[in-house]
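1. Sequence and predicted model, in that order:
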Amino acid sequence: MLKRVALLILLLFSFSTLCGDSLLEGGYLRLYEKKIKSSRFFQSKNQERIAILFCGWCGMGKSTISKRLAKHYRGIIIKRDDFGERFGYGKSKFFPYFSFVLDRLEESSTNRFLILDYGVLGEKVRDFFYSQFEERGYECFFVCLELPKDIHRRRLFQRNPNSKKGKKKEFAPGRARYVRARKKFEFDYTFDNSSSMDAPFAELVELINRRLGRVEVDGEKDSFSSL
């Protein structure tokens, strides 16, 4: 009798696990189709495989720079917040979805210019993203966002006065993690976002073009004011 009960529990657990995985993957697919596949640049002919990653915390400009790069290069953004708002934040939750997205892009998209809108602050996180990209033949380009502490906190408040991120209890440890990461990692470019983005963005584009072996012509230069 006990063996039968144990077997029944095992079967029920296995079934619920399979159903849970299936439902979760279904959620991944719906989010992928809504946020990635719907991109107007989904089938752009970017054949050179490059992935842009950022080291930076909330309010330092990751999303703004990501959008500008996506417009300039007709690239695809993989945004952590899109996932977090639906499934919850935390790297252990985001990592499986991220791998799922890369696999789907291999199957259905012609675009190989990817931008990861995610603040990379830890070595394990960096190593995970690098390994996932490099397994699929991408070259990683790591950008450090630089923003003085006082300007950083002020921008957080301006963006959302009620956000906990701008309050000292939340801001101090988050900022400290960023400072440690900035000292620890090596970067392909440090983006000074303390004033106008135009000059550092132009430098960033020049470096990316060199990595891609491209030559920029005047007609291709974008205007940030038109975003």
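-> Perfect, thanks for sending it. Residues are numbered from 1 along each chain as shown.
2. Tell me where the chain has helices.
-> For the chain, the helices defined by DSSP state H cover 2-32, 62-73, 80-87, 91-108, 123-135, 149-159, 168-184, 198-212.
3. Let me have those in CSV, adding mean pLDDT, distance to Leu116 and mean neighbour count as columns.
-> Bear in mind the C-beta positions are built from the backbone N, C-alpha and C, glycine included. Output for the helices of the chain, formatted as CSV (pLDDT from 0 to 100; distance: least, CB to CB, whole Å; neighbours: other CB atoms under 10 Å):
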stretch, mean pLDDT, distance to Leu116, mean neighbour count
helix 2-32, 53, 15, 11
helix 62-73, 97, 8, 20
helix 80-87, 94, 8, 16
helix 91-108, 95, 8, 15
helix 123-135, 97, 6, 15
helix 149-159, 88, 21, 15
helix 168-184, 90, 15, 14
helix 198-212, 97, 14, 15
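4. mind giving me JSON lines with the ones you listed and columns for distance to Cys55?
-> Output for those, formatted as JSON lines (distance: least, CB to CB, whole Å):
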{"stretch": "helix 2-32", "distance to Cys55": "25"}
{"stretch": "helix 62-73", "distance to Cys55": "9"}
{"stretch": "helix 80-87", "distance to Cys55": "14"}
{"stretch": "helix 91-108", "distance to Cys55": "15"}
{"stretch": "helix 123-135", "distance to Cys55": "8"}
{"stretch": "helix 149-159", "distance to Cys55": "14"}
{"stretch": "helix 168-184", "distance to Cys55": "5"}
{"stretch": "helix 198-212", "distance to Cys55": "14"}
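5. Quick one, which of these gets closest to Ile50.
-> Nearest to Ile50 among these is helix 198-212 (6.3 Å), distances taken as CB to CB.
6. ok, and what's touching the closest one?
-> When contacts are defined by CB atoms under 8 Å, 6 or more residues apart in numbering, helix 198-212 is touched by residues 48, 50, 52, 65, 68-69, 72-73, 139, 141, 143, 188-189, 191-193, 215-216, 221, 224.
7. same deal with stretch 76-96?
-> Under the criterion CB under 8 Å, 6+ apart, residues 27-28, 31, 35-36, 39, 41-42, 63, 66-67, 70, 97-98, 101, 105, 109, 111, 113-119, 125, 128 lie in contact with stretch 76-96.
8. Do me a favour and get the end-to-end distance for it?
-> Taking CA to CA, to the nearest Å, stretch 76-96 runs 18 Å from one end to the other.
9. of all the helices of the chain, which lies closest to Gly56?
-> Shortest distance between Gly56 and those, using CB to CB, is found for helix 62-73: 5.4 Å.
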